[in-house]
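In: Got a sequence here, can you build the structure:
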Amino acid sequence: MEFKELESLVTIAKVKSFSKAASQLFLTQPALSNHISKLEKEIGITLFERNNKRTELTPAGQQFYLSAVEILNQREHALLDLEKYQGRIEGLLQVATSSVPGQYVLPDILVGFHKIYPAVTYNLHYLSSKEVTDSLLAGDLDFGFVGASPDNRNLIYEKVQDDELVVIAPNEPPYTEMESISFAELLDETLLLRKPGSGTRQAFDLAYKQYAHLGKSPNILAHVDNNEMVMLCVHAGLGLSIVSSISIVDKVKAGFLRVLPLRDYTFEHAFYFVYSKKRTLSPLVSRFKDFVLSRRDELSPVPR
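Out: Model prediction:
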């Protein structure tokens, strides 16, 4: 059994395709298939079920996959310890993040980590909070940053920063004449909401359940998958919305938007570093996680 065979197995399991895995590993497909054939022959099990759409691990393959990840991570730990001894820490971090923490929390983290480990490089992926957690559960990601509340027992959510969601309106009448708004009044307004799957939408849906007794349906004009687009549409007068307070500080100061405090509800919110309970983090990811959690008190506080 060789490391290159285990690397082939893990890569195919992640991308669910022999051709994509071969491309990532800079191998020909016959060479990659040969690695898997040799591995299957040595351990005496079939690792993959192949069909026209995607390649999936067999039940036995899923079990062996976990062992393969552990073996490769142990190798990385050994190499990282050696690199640390020699003064080198390097590698590629695949960072998946939902939009708001990606825009307003992650940059400061990356700047700090880069100062300490300048040889580390990054691939940044923007996904919805649900897409991040679904990918973690499927084993396609090592970790991610989300703005959704903890809702899955198979994932570990490490709080990075507290936040609050606020109602935003155009900075013009009649909203400039309003000191606050109730949740029932909010349901009567035209709303621009993030698409289902985002942490912001999750928070709104949870609040709406508490007011279901009112018998009112939200008057949703549009679902938007970009936080900046939401703010631009609100500024243009299309409707009201709910956004992260950390994202609108400058726009409120500039008079671009107005915050309408909710009289009868508080949208509690936070940003989380999230990873699977069932997966051992690689040494580099573990180092990054420890750095993120050590910086929690140093991150810019959310203005109130």
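In: Please pull up the helix or strand immediately following the helix or strand containing Tyr157.
Out: Element membership of Tyr157, judged by DSSP states H and E, is strand 155-170. Once strand 155-170 ends, the next helix or strand along the chain (criterion: DSSP H and E) is helix 183-188.
In: what mean pLDDT does stretch 282-289 have?
Out: Taken as a whole, stretch 282-289 has a mean pLDDT of 86.
In: got the CA coordinates for it in PDB?
Out: Output of stretch 282-289 as PDB, limited to C-alpha atoms (Å, rounded to 0.1, in the frame of the first residue of the first chain):
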ATOM      1  CA  SER A 282      -5.300  17.900   8.600                       C
ATOM      2  CA  PRO A 283      -2.400  19.400  10.400                       C
ATOM      3  CA  LEU A 284      -2.600  22.700   8.400                       C
ATOM      4  CA  VAL A 285      -6.300  23.000   8.900                       C
ATOM      5  CA  SER A 286      -5.900  22.300  12.600                       C
ATOM      6  CA  ARG A 287      -3.300  25.000  12.800                       C
ATOM      7  CA  PHE A 288      -5.600  27.400  11.000                       C
ATOM      8  CA  LYS A 289      -8.500  26.500  13.300                       C
END
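In: ok, residues contacting it?
Out: 72-73, 76-77, 79-80, 89, 91, 93, 113, 117, 120, 142-143, 158, 273, 275, 281 (C-beta atoms under 8 Å, 6 or more residues apart in numbering). For glycine as for every other residue, the C-beta is placed from the backbone atoms N, C-alpha and C.
In: So which of those residues are in strands?
Out: Gly91, Leu93, Val120, Glu158, Phe273, Tyr275 (DSSP state E).
In: So which residues of this structure form strands?
Out: Remark: strands assigned in the chain by DSSP E are 48-50, 55-57, 90-97, 119-126, 144-146, 155-170, 190-194, 219-224, 241-244, 257-260, 267-276.
In: To Asp205, which of the ones you listed lies closest?
Out: If you check each of those against Asp205 by C-beta to C-beta, strand 190-194 wins as the nearest, at 9.2 Å.
In: And the contacts of the closest one?
Out: Residues outside strand 190-194 that contact it (C-beta under 8 Å, 6+ apart) are 200-201, 204, 218-225, 227, 230, 233-234, 238-242.
In: just the ones in strands among the contacts of stretch 282-289 now: which is nearest Gln103?
Out: Phe273 (16.1 Å).
In: Hmm, Leu155 and that closest one touching each other?
Out: No: between Phe273 and Leu155 there is no contact under C-beta atoms under 8 Å: 10.7 Å.
In: tally of neighbours for the spatially closest residue to Glu90 that is not a sequence neighbour?
Out: In space, and not counting its chain neighbours, Glu90 is closest to Ala119: 3.6 Å by C-beta to C-beta, 6 or more residues apart in numbering. When neighbours are defined as other C-beta atoms under 10 Å, Ala119 has 10 of them.
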